[in-house]
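Visitor: pasting the sequence and the predicted model now:
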Amino acid sequence: MTPFAPHVYADRRRRAAEQAAQAGLDGVLVAPGADLAYFLGHGADPGAERLTMLVVPAAGTTAHGASDGVESALVVVPRLEANDLQHHAAGGVEALAWADGEDEHAVAARLLRDGGRYAISDSAWALHVLGLQRTLPGARLTPFTTTLPMLRAVKSPEEIARLAAAGAGADAVFAEIVRRPFAGRRESDVAADLDALLREHGHEQVDFTLVCAGANGADPHHDADTTVIADGDMVVLDFGGLADGYGSDTTRTVHVGEPTDEDREVHDVVRAAQQAGVEAVRPGATCQDVDRAARAVIDDAGYGEHFIHRTGHGIGLTTHEPPYMVEGETLPIEPGMCFSVEPGIYLPGRFGVRIEDIVVAFPDDAPHAARRLNESPRELAVVG
């Protein structure tokens with residue numbers, strides 16, 4: 001990922017410190033992966049068993065031994081990885097290094113308050129969550145998703161530009177894939193084409209290439225396999241990944257040969273539901289309002305029991321992240337939030353239909369409350 005300017009990461013840490021204080025927290029504990037990349041421009045290795053953790057004290061507090069917990073990021077890091085972290089992170093990093101053989105959780109505990117309350121990355125290893133709790137039995141650790149749900153949810157214009165570029169790349173992929181043959185090929189063959197095309201169109205990482213033909217389309221997360229696509233099949237195509245560090249995720253449903261009236265009817269219902277979900281996006285509405293709007297169209301058409309998942313999910317440095325467009329999520333939509341709108345109908349043993357776009361919420365005074373980042377045709381495409 002091309003890093004942003006160093007001040008961008010310092011501003012993000014400052015915002016996290018302010019949100020932590022507002023939430024009554026003592027600080028924020030950030031694990032390797034997308035969360036760490038968001039605050040440092042470098043995510044370290046999320047699969048490493050050694051403890052790496054950024055500590056952001058809540059506004060108005062300091063961490064013991066930190067010269068400045070915002071301008072200079074304070075990171076607990078294995079000694080053998082400290083130089084690499086400081087080299088790759090954007091902006092200043094103040095490393096609290098520990099050596100193999102030391103109790104890494106005791107080292108981290110020097111920066112924390114026993115009895116304090118901290119938000120910790122959802123992706124933190126249980127090994128480290130339990131290790132910190134053992135070392136600081138009076139401390140309380142709570143996940144980002146429930147404590148600081150807006151931490152990464154609202155994107156800056158620079159982030160939205162990268163998401164838009166990723167979405168445009170995915171649209172270009174769809175424009176090419178529908179010109180290729182489907183009938184007589186395996187799902188895995190088409191999935192391989194999608195993978196190669198995503199990379200050709202600027203993606204450095206491909207996260208998924210779902211190709212779900214015929215009855216497999218009734219399984220929303222069916223992995224492409226050796227199923228041979230046949231004439232008359234409805235085929236769900238769901239694909240995406242990261243381009244310059246930010247995600248794409250789009251779904252279109254195509255038909256091999258001329259569709260039946262029922263095929264068109266189901267597709268039209270999903271397309272209307274997706275449109276209703278997009279139109280429900282506006283500042284002040286809640287995430288569940290988007291789900292309700294899309295679901296109402298499918299319910300009214302008599303297919304309610306066959307819409308079996310949430311309507312959407314956030315997207316950014318990962319292709320799936322908060323917020324989630326689902327019943328019970330009362331988080332208000334704010335300008336800059338980016339998420340998918342992807343209703344579907346799944347008829348067991350027969351076929352499925354899903355249509356998905358990434359949308360961005362805009363202020364009330366904008367020409368449109370929501371902007372799609374995918375503009376490939378939503379009509380039922382007929383392929384050969």
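Guide: Structure received.
Visitor: remind me, longest helix of the protein?
Guide: helix 157-177 (DSSP state H).
Visitor: average pLDDT across it?
Guide: Helix 157-177 carries an average pLDDT of 98.
Visitor: which residues of the stretch 101-250 of the chain fall in strands?
Guide: With DSSP state E, counting those that start in this stretch as the criterion, the stretch 101-250 of the chain has strands at 117-120, 140-143, 205-213, 234-243, 246-247, 250-256.
Visitor: let me see the mean pLDDT of the second one.
Guide: Just to be clear, that refers to strand 140-143. 97.
Visitor: quick one: distance of it to the chain centre.
Guide: 21 Å (CA atoms, centre = their mean, to the nearest Å).
Visitor: what strands line up against it, and which way round?
Guide: Using DSSP bridges, the strands paired with strand 140-143 are strand 117-120 (parallel).
Visitor: got the CA coordinates for the partner strand in CSV?
Guide: Coordinates of each C-alpha in strand 117-120 appear next as CSV, following Å, rounded to 0.1, in the frame of the first residue of the first chain:
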residue,chain,number,x,y,z
ARG,A,117,-10.5,-0.2,30.7
TYR,A,118,-9.1,-0.6,27.2
ALA,A,119,-10.5,-1.3,23.7
ILE,A,120,-8.5,-4.0,21.9
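Visitor: hmm, who's touching it?
Guide: 20, 23-31, 112, 129, 139-144, 147-148, 151 (CB atoms under 8 Å, 6 or more residues apart in numbering). Using the backbone N, CA and C atoms, a C-beta is placed for each residue, glycine as well.
Visitor: stretch 361-379 too?
Guide: 163-164, 166-168, 170-171, 174-175, 250, 252, 271, 274, 278-279, 281-284, 333-338, 355-360.
Visitor: again with stretch 284-291
Guide: 277, 280-281, 310-312, 323-333, 339, 341, 364.
Visitor: quick one: neighbours of the closest residue to residue 194 other than its chain neighbours, just the number.
Guide: Closest residue to residue 194 apart from its sequence neighbours, by CB to CB, 6 or more residues apart in numbering: residue 209 at 4.0 Å. By other CB atoms under 10 Å, the residues close to residue 209 number 25.
Visitor: repeat that for residue 161.
Guide: Residue 161 - counted by other CB under 10 Å - has 13 other residues nearby.
Visitor: again with residue 368
Guide: Quick note: residue 368 (other CB under 10 Å) scores 13 neighbours.
Visitor: for residue 6, same thing?
Guide: 15.
Visitor: need phi/psi at it.
Guide: Backbone torsions of residue 6, given as degrees, to the nearest 10, read phi -50, psi -40.
Visitor: hang on, isn't it packed against residue 91?
Guide: Yes. With contact defined as CB atoms under 8 Å, residue 6 and residue 91 form a contacting pair (3.4 Å).
Visitor: residue nearest the centroid of this protein?
Guide: residue 320 (2.6 Å; CA atoms, centre = their mean).
Visitor: you'd agree that one is up against residue 310?
Guide: No. In terms of CB under 8 Å, residue 320 does not count as a neighbour of residue 310; the distance is 10.7 Å.
Visitor: any idea of the mean pLDDT in the host helix or strand of residue 338?
Guide: Taking DSSP states H and E as the criterion, residue 338 maps to strand 338-341. The average of the pLDDT scores along strand 338-341 is 98.
Visitor: could you point out which element follows that strand?
Guide: Downstream of strand 338-341 (by DSSP H and E), the next one is strand 344-347.
Visitor: note down every partner strand of that next one and its orientation.
Guide: Applying DSSP bridges, one finds strand 344-347 paired with strand 351-354 (antiparallel).
Visitor: state the phi and psi torsions of the closest residue in space to residue 164 that isn't next to it in sequence.
Guide: Nearest residue to residue 164, sequence neighbours excluded (CB to CB, 6+ apart): residue 373, at 5.1 Å. Backbone torsions for residue 373, taken as degrees, to the nearest 10, come to phi -100, psi 0.
Visitor: please name the bridge partners of the residue nearest to residue 194.
Guide: Bridge pairing for residue 209 - DSSP bridges - gives residue 239.
Visitor: if I look at it, what pLDDT would I see?
Guide: In this model, residue 209 carries a pLDDT of 98.
Visitor: who are the contact partners of it?
Guide: Neighbours of residue 209 in contact, by CB under 8 Å, 6+ apart: 191, 192, 194, 195, 198, 224, 239.
Visitor: one more time with 10 Å
Guide: For residue 209, the contact set (CB atoms under 10 Å, 6 or more residues apart in numbering) comprises 173, 177, 187-188, 190-198, 223-224, 237-241.
Visitor: buried ones from the residues you listed, can you make that a PyMOL selection?
Guide: To isolate the buried members of these in PyMOL, using 16 or more other CB atoms under 10 Å:
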select buried, resi 173+177+187+190+191+193+194+195+197+198+224+237+238+239+240+241
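Visitor: residues near residue 110, how many?
Guide: 12.
Visitor: circling back to that earlier point, what subset of the contacts of stretch 284-291 is buried?
Guide: Here, 16+ other CB under 10 Å leaves 277, 280-281, 310-312, 323-326, 329, 331, 333, 339, 341 buried among those.
Visitor: narrow these to those in helices?
Guide: Reading helices off those with DSSP H, I get residue 277.
Visitor: return the member of the buried ones among the contacts of stretch 284-291 nearest to residue 49.
Guide: residue 324 (29.5 Å; CB to CB).
Visitor: from memory the closest one sits against residue 145, does it?
Guide: Yes. Here residue 324 lies in contact with residue 145, judged by CB atoms under 10 Å, at a distance of 9.0 Å.
Visitor: okay, now the domains of this protein?
Guide: 6-147, 157-383 (automatic domain parsing).
Visitor: mean pLDDT for those: which is lowest?
Guide: Among the domains of the chain, domain 6-147 scores lowest, with a mean of 91.
Visitor: now do the end-to-end distance for that domain.
Guide: Using CA to CA, to the nearest Å, the end-to-end distance of domain 6-147 comes to 26 Å.
Visitor: just how off-centre is it within its chain?
Guide: 21 Å.
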